[in-house]
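Asker: Next comes the sequence, and after it the predicted model I'd like to discuss.
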Amino acid sequence: MDRPDYPSDISREQFESVRGMLEAARRKTRPRKHDLYDVFCAVLYFLHTGSTWRAMPPGFPPWRTVHEYFTQWTMQREGGQSLLENVLEHVGRQAELAHLRALLHRH
């Protein structure tokens, strides 16, 4: 799906360096309907802007889908950190990592 580029987006090349980590968290139930790159960029948008899930801009996968992935990625625990924390560290997204940690420690 074509969508505008957002300042929070990651490059496709950077994404490919973490795709395997994100794919590993998926429960293999049915074929994927949405590009994992767009789902991850939507999560970055959410973390970067502090937006609400329902305010996800058009062009991203539906907010409920993005939230479901976010929930999976933040529940996975590897050495005390969530999978999403590990991925954000790997790609050097410190601002989004700080926002994620603030969200996780609030709950």
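Answerer: Looks like it arrived, so ask away. What you are looking at is a predicted structure, and each value in this text was computed from that prediction instead of being measured. Residues are numbered from 1 along each chain as shown.
Asker: Tell me, please, the helix or strand in the chain that averages the lowest pLDDT.
Answerer: The weakest-scoring helix or strand in the chain, judged by mean pLDDT, DSSP states H and E, is strand 77-78 (a mean of 64).
Asker: Just list what the very next helix or strand once past it packs against, helices and strands only.
Answerer: Note on strand 77-78: by DSSP states H and E, the next helix or strand toward the C-terminus is strand 81-82. Packed against strand 81-82 by the contact rule (3 or more C-beta pairs under 8 Å, 6 or more residues apart in numbering; DSSP states H and E) you find helix 63-75. From N, CA and C alone the C-beta is placed, and that goes for glycine too.
Asker: who touches the helix it packs on?
Answerer: For helix 63-75, the external contacting residues (C-beta atoms under 8 Å, 6 or more residues apart in numbering) are 22, 25-27, 33-34, 39-40, 42-43, 46, 53-56, 60, 82-85, 87, 100, 104.
Asker: cool, and stretch 99-107?
Answerer: Outside stretch 99-107, the residues touching it (C-beta under 8 Å, 6+ apart) are 47-48, 50, 74, 82, 84-85, 88.
Asker: Quick check: the two most widely separated of those residues?
Answerer: Among those, the pair separated by the greatest distance (C-beta to C-beta) is 50 and 82, at 18.6 Å.
Asker: Same drill for these two, tell me which one is more crowded.
Answerer: Legend: neighbour count by other C-beta atoms under 10 Å for residue 50 and residue 82, higher for residue 82 (20 against 9).
Asker: what's around the closest residue to that one other than its chain neighbours, how many residues?
Answerer: Nearest residue to residue 82 in three dimensions, chain neighbours excluded: residue 74, at 4.5 Å (C-beta to C-beta, 6 or more residues apart in numbering). Counted with other C-beta under 10 Å, the neighbours of residue 74 add up to 19.
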